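Can you look at this prediction? I've put the sequence above it.
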Amino acid sequence: MSEDTVLPIPNLSLAQNYFVLSTPSLNHLHQNARKELLAGIQADQMAPYYRVVTTTDALELDQALVARMEKENKEELDKIDERLEEAKKTEGETDIADALRARANYLTRIGDKDKAVEAQKLALEKTPGLGSRIDIVLTLIRIGFFFGDHDMITQHLSQAEELIEKGGDWDRRNRLKVYRGLHLLSIRQFKRGGELLLDALSTFTATELISYNDFVASTIISNVLTLNRPDLKKKLIIAPEVIQVLPELPVLADLMKNLYDSHYDKFFTALASTEQTLLKPNRLLAPHARYYVREMRISAYNQLLESYRSLTLDSLARSFGVSNEFVDSELSRFIASGRLHCTIDKVNGVVETNRPSVKNAQYETVIRQGDILLSAVQRLSKVLY
């Protein structure tokens, strides 16, 4: 096998199916997820992972199936161990490293987390080539994604960055951007994560981590939230890579274009569909679904309000396709938390904007930074004198 071949192990679509089955509110997706999870486990003979998912009742335990898979696992590992022993006796360091990687990759494929991590680390220690070492660390990151181990992901992302700085090639650098971007989305850092995914849009090759369509969907979801209107059009709406996939992502097409075109009622409908069909069923984005929807609503309100000094509650409600009571309650909440710069005149039914002066904001920033600098100088003077 070529050194540049990246194995799609572990199969991350199975972790997604397991998440769906573990989420009662997604019961309308359970039948298909159960079928795909069982098929994937059987295809890769994943006896250790099968035992994990059956302990949570995501799948029913089939004793005959687990016995057959464990037999297959033992036979394959015995063959690999024989090759490893033969390499230790008669071959050089490169052949030993190849055998160690084969053993680590098989344990990774069957979902035996602890043994796979231990074997990958041993292979990393014995592997001489920088490219192969980077690939091993990327595999450790994927194991972290597969089992939802954020500490493991963070640790090995840092390790991968260090190795790539020593001379990683163009392809591995771009793969790492996708790995880092998805991790950042999973911890609610949409701006930085979106920037990395957008940067990798035209050079995407990390299909071992995420399918191309899902990658484009993640890129749209994160960047619609953080890009301004000119950049939204330039970097997403007219991007060839996005245009190519949009027919297969109609909900995101509606979300993005209706926000840009200021069709706020259609945007709200698309946002609700995005939450139900793309955010809540996604194991990386589900914890942030409510946050995302709230921030997107604030973004839309701000976009409309910045075009007016004042407008009536009636016209605002009509623009968003909601009732006066709903928009009054939501605006009040966002105004109170400092997220919208406007006031509501309940008597006259008018919303008046009061955007803060840019010069005043800059003045306050200078004063605040000056106070910090002065405090630092005073502490330094006490140390010196």
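Right, received. Where do you want to start? The structure presented is a predicted model; accordingly, all values stated were derived computationally and were not measured. Numbering: from 1, shown residues only.

and residue 311, that's in a helix?
No - checked against DSSP: H, G, I helix; E, B strand; the rest coil, residue 311 lies outside a helix; its state is strand.

Enumerate every residue touching the nearest residue to it once chain neighbours are set aside.
The shortest distance from residue 311 to any non-neighbouring residue, by C-beta to C-beta, 6 or more residues apart in numbering, is to residue 351 (5.8 Å). From N, CA and C alone the C-beta is placed, and that goes for glycine too. By C-beta atoms under 8 Å, 6 or more residues apart in numbering, residue 351 lies in contact with 305, 310, 311, 312, 313, 316, 331, 342, 343, 344, 345.

Could you look up the SS state of residue 351?
Reduced to three states by three-state DSSP, residue 351 is strand.

ok, it to residue 309 distance?
Residue 351 is 10 Å from residue 309, where distance means C-beta to C-beta, to the nearest Å.

do the same with residue 369
Distance of residue 369 to residue 309, given as C-beta to C-beta: 31 Å.

and the residue nearest to residue 311, bridged to which residues?
residue 311, residue 344 (DSSP bridges).

how about the helix or strand where residue 332 lies: buried residues?
Taking DSSP states H and E as the definition, residue 332 sits inside helix 324-336. Residues 327, 328, 330, 331, 334, 335 are the ones in helix 324-336 that count as buried (16 or more other C-beta atoms under 10 Å).

Closest to residue 133 out of the residues you listed?
residue 334 (48.8 Å; C-beta to C-beta).

mind checking the backbone torsions on the closest residue in space to that closest one that isn't next to it in sequence?
In this structure, residue 334 finds its nearest non-sequential neighbour in residue 340, 4.4 Å apart by C-beta to C-beta, 6+ apart. Residue 340 adopts backbone torsions of phi -120, psi 130, taken as degrees, to the nearest 10.

Same question for residue 300.
phi -70, psi -40.

number of nearby residues for it?
19 (other C-beta atoms under 10 Å).

Report pLDDT for residue 359.
Confidence at residue 359, expressed as pLDDT, is 52.

quick one, what contacts residue 69?
41, 42, 45, 46, 47, 50, 110.

Recalculate using a threshold of 6 Å.
Residues near residue 69 by C-beta atoms under 6 Å, 6 or more residues apart in numbering: 45, 47.

Let's verify it: helix, strand, or coil?
Assigned with three-state DSSP, residue 69 falls in the helix class.

Can you check the pLDDT for it?
Listed pLDDT for residue 69 reads 98.

same check, this time on residue 368
Note on residue 368: pLDDT of 72.

Can you say which helix or strand has it in it?
Per DSSP H and E, residue 368 falls inside helix 358-384.

Quickly find the element holding residue 36.
Per DSSP H and E: helix 30-43 holds residue 36.

Going by neighbour count, list what's buried in the helix or strand following that helix.
Downstream of helix 30-43, the next assigned helix or strand under DSSP H and E is helix 47-55. Under the neighbour-count criterion of 16+ other C-beta under 10 Å, helix 47-55 has 47, 48, 49, 50, 52, 53, 54 buried.

and the residues you listed as TSV, adding distance to residue 252 and pLDDT?
Formatted as TSV, those follow (distance: C-beta to C-beta, whole Å; pLDDT from 0 to 100):
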residue	distance to residue 252	pLDDT
47	38	97
48	36	97
49	31	97
50	34	97
52	33	95
53	30	96
54	35	95
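
now those as JSON lines including distance to residue 263?
Putting the buried residues of helix 47-55 into JSON lines (distance: C-beta to C-beta, whole Å) gives the following:
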{"residue": "47", "distance to residue 263": "52"}
{"residue": "48", "distance to residue 263": "50"}
{"residue": "49", "distance to residue 263": "45"}
{"residue": "50", "distance to residue 263": "48"}
{"residue": "52", "distance to residue 263": "46"}
{"residue": "53", "distance to residue 263": "43"}
{"residue": "54", "distance to residue 263": "48"}
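
Low-confidence stretches in this protein?
1-4, 355-365, 382-385 (pLDDT under 70).

If we use 90, what do you get?
For the chain, applying pLDDT under 90 flags the ranges 1-7, 57, 88-94, 128-129, 167-169, 306-310, 346-349, 353-385.

what angle sits between the helix or strand encompassing residue 106 and helix 30-43?
Assigned by DSSP H and E, residue 106 belongs to helix 93-109. Here helix 93-109 points in a direction 150 degrees away from that of helix 30-43 (axes from the mean of the first three to the mean of the last three C-alpha atoms, to 10 degrees).

Restricted to buried residues, select the contacts of residue 351 in PyMOL.
Only the buried members of those enter the following PyMOL selection, criterion being 16+ other C-beta under 10 Å:
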select buried, resi 305+311+313+316+331+342+344
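
nearest to residue 188, of the contacts of residue 351?
Residue 188 has its nearest neighbour among those in residue 331, at 24.1 Å by C-beta to C-beta.

Tell me how far that closest one lies from residue 354.
13 Å.

what's the answer for residue 166, then?
Separation of residue 166 from residue 354 (C-beta to C-beta) stands at 53 Å.

if we can go back for a sec, which one of the buried residues of helix 47-55 sits closest to residue 104?
Closest approach between the buried residues of helix 47-55 and residue 104, by C-beta to C-beta: residue 48, at 14.2 Å.
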